[in-house]
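Colleague: Generate coordinates for the sequence data below:
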Amino acid sequence: MAVAKVIEVNASSEKSVEDAVRHGLKKTSETVKGIKGVWVNEIKAVTNDTGDITEWRVNLRITFVVS
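Modeller: Numbering: from 1, shown residues only. Now for the predicted structure:
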């Protein structure tokens, strides 16, 4: 029987939502092994005075198997 754990991670990117997710997952995988999936829980955009998006932020729920 396997046991899984879920952690929440926040990540950001100036390029895109997908880049923010990739960055968060890659950074987490440096210390967490056995990652099985990621769920994008929340997406936010930071804007400037002219209405341009300057940064994408994501809240991720990452699932991994506990040995």
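Colleague: what's the closest non-adjacent residue to Val40?
Modeller: Beyond its immediate neighbours in the sequence, the residue positioned closest to Val40 (Cβ to Cβ, 6 or more residues apart in numbering) is Val58, lying 5.7 Å away. Heads up, the C-betas are built off the backbone N, CA and C, glycines and all.
Colleague: How about Val46?
Modeller: Glu55 (4.1 Å).
Colleague: re earlier: okay, now the residue nearest to Val40: neighbour count?
Modeller: 22 (other Cβ atoms under 10 Å).
Colleague: That one is in contact with Glu18, isn't it?
Modeller: No. Contact between Val58 and Glu18 fails when scored by Cβ atoms under 8 Å: they sit 9.4 Å apart.
Colleague: any idea which element the residue nearest to Val46 lies in?
Modeller: Using DSSP states H and E, Glu55 sits in strand 53-66.
Colleague: Sheet partners, orientation included, of that strand?
Modeller: strand 3-13 (antiparallel), strand 35-47 (antiparallel) (DSSP bridges).
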